[in-house]
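Trainee: Model the following, please.
(chains A and B)
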Amino acid sequence: MTEQTLKTLDRARAARQWHPVATSDDLRMRHVYHGQILGRELAVWRADDGHVNVWENRCLHRGVRLSIGINDGHELACQYHGWRYANRTAGCTYIPAHPADAPARTICNNTYPATERYGLVWTGEAPEGTAPDAPELQHAGNHLLVLRSLPVNAPLHLTAGHLADYTFYRSDHTRPATQVSTHLRRAGEFQVAVDWTDENGTSALVFFLQPTDNHRTSVHAVLATSKPPDNPLQRLKDHNFAMSLLRDRIEQAARQHPTPAAFTVASPRVSEALATLPKLAATGRKAPLRVVVKSIRDVATEIKAFELISVDTQLPTFQPGAHIDVHLANAQVRQYSLTNAPGQTDRYIIAVKREADGNGGSAFLHQSVRVGDTLAISLPRNNFPLRRDAVNTLLIAGGIGITPLLAMAQTLKSADHPFHLHYFVQDQSHAAFPQLLSTFGTHISMHTGLSPEQTRTTLANTLEGYKPASHVYLCGPAAMLSAARDLAYRMNWPDEAIHFEFFKNTTDVTTDQAFTVELARSGLTLTVESGQTLLHTLRTNGVELPSSCEQGACGTCRVGVLDGEPLHQDVYLSDAEHQRNDCLMTCVSRARSEKLVLDI
Amino acid sequence: MSLCNDPVIRNQWHVICALEDISPRNTHTTLLGESVSFAANTDTTGARAWRTDAPDTSLPVTCAYGYLWTCLGTADKPLFALPEYAEADRRNVCAATVGVRVSAPRAVENFLDMGHFPYVHTGILGEQPHTEVREYDVTVEESTNDVIATRCRFYQPMAAAGADGGMLVEYIYRVPHPYCSVLYKSCPSDESRLDVIALFVQPVTEETIRAHALVSVIDENSTDLSIRMFQQTIFGQDKPILENQFPKRLPLDPRAETPIRADKSAIVYRRWLSDLGITYGVIPAAA
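Mentor: Take a look at the predicted model:
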């Protein structure tokens, strides 16, 4: 290199390009790789399903580097407080300090696009187009050997200049003194290609420059040979030796120039909603997601599993216990639990049982929905969150009530938390997802063909001997669920250890009496007429509230009660919660007193 | 190294060394980016401190709570009170001094935080699956302007050097100084008393500290050595986490990080630092 003023790196322009950040081999199983592009630190990790994640290297909570976190194959957990972030979405799925809460869906780390090409992992802040071509590496029949990448303490343009002048004299006396010659093919800002000729013949050598920072560069190199190299290890050693010598020359040259200042990189701010303590999001019953039915499988008698994939965007993060509303073409809205395993973030899997006496939702899905159809669904919502701080977890499912518990069982199994799943079914052919069930091994007990009395006895045996920090999750038909819940109370399970989800509200809901509600925070006083629901009255008066099942089963439309005595009519709250009279479900609850004061 | 031009921090007393480590020979340390020297007095008790480049002008000193404190500006008020230190039956141990590449407020915030116990101090101050941080209360006390967190409860498998088996431990945290915090916790050997653990942070620069610990406990059984080993294990576990926090200075912009209910004390501490007008060791919120 001749003495000249160094060209500087245009950060704004470079931010729009793809850059290599690691070799594909750097992303070893369950490893988290610390990468850096243009001064921005990145946590780069591969999930067990092969997906490469490139994230801001910072936990949103307290700024600890995620590159020191734990990759469990499905999720990345922060070392500091154990927050868990999902594969692909980087959405937070669990906050251990508040094990009873489902984290706000919007807690989501910054992700950057990632792709693999020529044995390297590529990313960028806002890259346009696709990862760059290297024509030398694209010849059909060429064999690619990714060499060891070298970090260089020198600016990118200085490094590129030296690579264009790449020469190497071998002074290794242990091997025949074959002359190595290099010949420049092309030199670009971020890519340099040379022909390398040695005793093995001529091969194309392409260097990709990674702008680690304003004053630091990493050089990735890929060698293309026409036949598979007979001694790849020797090739790797030769090139590592040659490139190390070149690095010494580049760093020596860099010392002749003033070192450019490191880039200042702003950490993205979190949304205003996350900066304050979390509140309930205000949305109506909306279906913002469009999914395509990828497959429909029979997973048991009368039960079909639907795999739903997104048309364009990444599906939002979900947590075990979450459900979605499916808006059907026959104008019905039905709730289905996600059965997914943690990290299975590329699709939603629901299971639908055909109800002979149901009012058409399941029949419609079974008969009319086909692979390739588009469905409108809500964001996943979790009113049945799984605590992961239990010493032991009992999962009790009846029939199709298995669905949310499948997600929970897979989560507990993946984290190696103690749990046992009891599955009550009519007969073996009614047990959904038999293959998945078999993976639970000794953690599952099947109870088939029991009479109501036998079911009671089995439940009683199962719930006997409550130990502190145990939790039980119940989902199934109303009769079984109520029986199990009453048994648990009788066997001294505390209220907060019993978690349940009804499919539907089978109690008789009245809308007879009119009553008055005062909205403490909105400053409104409204009358709920007979024949109208509180939820409907609120919405028609411009008060936006989230809702889902709208029959008092799912808990989505819950609001706080400040004064007055509600007539609950829901099956979401426990008896103790009903007695506290501090919240109600706006879709079915009414007033026993003349007036209610609500915390909205 | 940039010098500290934050008047609130310049006028504070800052810890520089354990008294038991001071000898008549000159010793050097760094405080707020400036080189400071100190030595034990040979004729009287106590010690003398001075700027290394101005040996003839003495800096003000205070000997308190087992440590030597000095002030590079004008010490406008005495060091905060810690009356428990003077109780006759207490064991007072200068238990640890650990250098950490982080800002002083990040270290204080870590000291106030219970949520990390099961993950960072596994098997000692916390243990999975007992990860829940229960509701607690935080206020800024009117008379003293100290931040106080009360009713803090956490399951701990081995809360102190003298502890034997797990228990739900109750804590009170107090922040009487921007860079110091005092923790009062249930005493395993006497239900009516509280053990005291104090963190005194020496701001070496804006982004480097020395964390000093005072342990003041009612415990007849533990040796000084075992108390030190316990405290140094705890600090040693915190160090790699704190050194991987980014940015190193504590961001006071509420939108820089995501708080949860368990972080109430950190939210109040950050707001309190903002209200005091502190700029050293923090990234002030944009006005």
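
Trainee: what's near enough to touch the closest residue to chain A within the stretch 101-250 of chain B?
Mentor: Nearest residue of the stretch 101-250 of chain B to chain A, counting by Cβ to the nearest Cβ: residue B:131, 3.6 Å away. To be clear about C-beta, it is placed using only N, CA and C from the backbone, and glycine gets the same treatment. Residue B:131 makes contact with A:82, A:96-97, A:99, A:388-389, B:115, B:118 under the criterion Cβ atoms under 8 Å, 6 or more residues apart in numbering or on different chains.

Trainee: Pick out the most distant pair among those.
Mentor: Farthest-apart pair in these is A:388 and B:115; separation 14.0 Å (Cβ to Cβ).

Trainee: For those two, indicate the residue with more neighbours.
Mentor: residue B:115 (26 against 22; other Cβ atoms under 10 Å in any protein chain shown).

Trainee: For the more buried one, which non-adjacent residue is spatially closest?
Mentor: residue A:97 (4.1 Å; Cβ to Cβ, 6 or more residues apart in numbering or on different chains).

Trainee: does the residue in the stretch 351-500 of chain A positioned nearest to chain B count as helix, strand or coil?
Mentor: Nearest residue of the stretch 351-500 of chain A to chain B (Cβ to the nearest Cβ) works out as residue A:389 at 4.1 Å. At residue A:389 the chain is in coil, as set by DSSP: H, G, I helix; E, B strand; the rest coil.

Trainee: what's the answer for residue A:483, then?
Mentor: Residue A:483 is classified as helix under three-state DSSP.

Trainee: tally of neighbours for the closest residue to it other than its chain neighbours?
Mentor: Once flanking residues are discounted, residue A:483 sits nearest to residue A:456: 5.9 Å by Cβ to Cβ, 6+ apart. Using other Cβ under 10 Å, residue A:456 has 16 other residues around it.

Trainee: where does the residue of the stretch 351-500 of chain A closest to chain B fall, phi/psi-wise?
Mentor: phi -110, psi 20 (degrees, to the nearest 10).

Trainee: That one against residue B:127, yeah?
Mentor: No: at 10.3 Å, residue A:389 and residue B:127 do not qualify as touching, with contact defined as Cβ atoms under 8 Å.

Trainee: what's the neighbour count on the residue of the stretch 351-500 of chain A closest to chain B?
Mentor: 19.

Trainee: pLDDT value on the residue of the stretch 1-150 of chain A found nearest chain B, please?
Mentor: Distance from chain B to each residue of the stretch 1-150 of chain A (Cβ to the nearest Cβ) is smallest for residue A:96, at 3.6 Å. Residue A:96 is assigned a pLDDT of 91 by the prediction.

Trainee: Using the three-state scheme, assign it.
Mentor: Three-state assignment for residue A:96 (three-state DSSP): coil.

Trainee: contacting residues for it?
Mentor: A:81-83, A:388-389, B:115, B:118-119, B:128, B:131-132.

Trainee: ditto for residue A:421
Mentor: Counted by Cβ under 8 Å, 6+ apart, residue A:421 has contacts A:395-397, A:405, A:409, A:440, A:443-445.

Trainee: In those, find the pair that's most separated.
Mentor: Longest span within the contacts of residue A:421, Cβ to Cβ: A:396 and A:440, 14.0 Å.

Trainee: Settle it for me: which of those two has more neighbours?
Mentor: Taking neighbours as other Cβ under 10 Å, residue A:396 and residue A:440 compare with residue A:396 leading, 29 against 19.

Trainee: Flag every residue of the stretch 401-550 of chain A that's near chain B.
Mentor: Neighbours of chain B within the stretch 401-550 of chain A, by Cβ under 8 Å from any Cβ of the partner chain: A:417, A:469.

Trainee: how about the strands in the stretch 401-550 of chain A?
Mentor: Along the stretch 401-550 of chain A, the stretches classed as strands by DSSP state E, counting those that start in this stretch are A:419-425, A:444-448, A:470-476, A:498-502, A:515-519, A:524-528.

Trainee: What parts of chain B come near chain A?
Mentor: B:114-116, B:118-120, B:128-133, B:240-241, B:244-247, B:251, B:253-262.

Trainee: Residue A:254 - nearest residue in space that isn't next to it in sequence?
Mentor: residue A:154 (3.8 Å).

Trainee: Helix, strand, or coil at that neighbour?
Mentor: At residue A:154 the chain is in coil, as set by three-state DSSP.

Trainee: Mind checking the strands of the stretch 401-550 of chain A for the one nearest to residue B:149?
Mentor: Judged by Cβ to Cβ, the one of these that comes nearest to residue B:149 is strand A:470-476, at 28.1 Å.

Trainee: by contact count, what packs against that closest one?
Mentor: With contacts taken as 3 or more Cβ pairs under 8 Å, 6 or more residues apart in numbering or on different chains; DSSP states H and E, strand A:470-476 sits against strand A:392-398, helix A:402-414, helix A:478-490, strand A:498-502.

Trainee: returning to that earlier point: mind giving me a markdown table with the contacts of residue A:421 and columns for pLDDT and distance to residue A:68?
Mentor: A markdown table is the format used below for the contacts of residue A:421 (pLDDT from 0 to 100; distance: Cβ to Cβ, whole Å):
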| residue | pLDDT | distance to residue A:68 |
| --- | --- | --- |
| A:395 | 97 | 33 |
| A:396 | 97 | 39 |
| A:397 | 96 | 38 |
| A:405 | 97 | 34 |
| A:409 | 97 | 30 |
| A:440 | 96 | 32 |
| A:443 | 96 | 31 |
| A:444 | 96 | 36 |
| A:445 | 96 | 40 |
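
Trainee: filter the residues you listed to the buried ones?
Mentor: Listed as buried from these are A:395-397, A:405, A:409, A:440, A:444; burial here means 16 or more other Cβ atoms under 10 Å in any protein chain shown.

Trainee: What about residue B:41, how many residues nearby?
Mentor: 12.

Trainee: residue contacts, it?
Mentor: B:24, B:47-48.

Trainee: just residue A:526 next, same as before
Mentor: A:516-517, A:519, A:537-538, A:541 are the contacts of residue A:526 under Cβ under 8 Å, 6+ apart.

Trainee: Do you know the pLDDT at the closest residue to residue A:498 other than its chain neighbours?
Mentor: The shortest distance from residue A:498 to any non-neighbouring residue, by Cβ to Cβ, 6+ apart, is to residue A:488 (5.0 Å). Predicted confidence (pLDDT) at residue A:488: the value is 95.

Trainee: what about residue A:488, how many neighbours?
Mentor: Look at residue A:488: counted by other Cβ under 10 Å, it has 24 neighbours.

Trainee: Same question for the one 5 residues further on.
Mentor: Residues lying near residue A:493 (other Cβ under 10 Å) number 18.

Trainee: separation between the residue nearest to it when sequence neighbours are not counted and residue A:444?
Mentor: Distances taken as Cβ to Cβ, 6+ apart place residue A:466 nearest to residue A:493, at 4.9 Å, with adjacent residues excluded. Distance of residue A:466 to residue A:444, computed by Cβ to Cβ, to the nearest Å: 21 Å.

Trainee: One more: residue A:124?
Mentor: Counting by Cβ to Cβ - residue A:124 and residue A:444 are separated by 46 Å.
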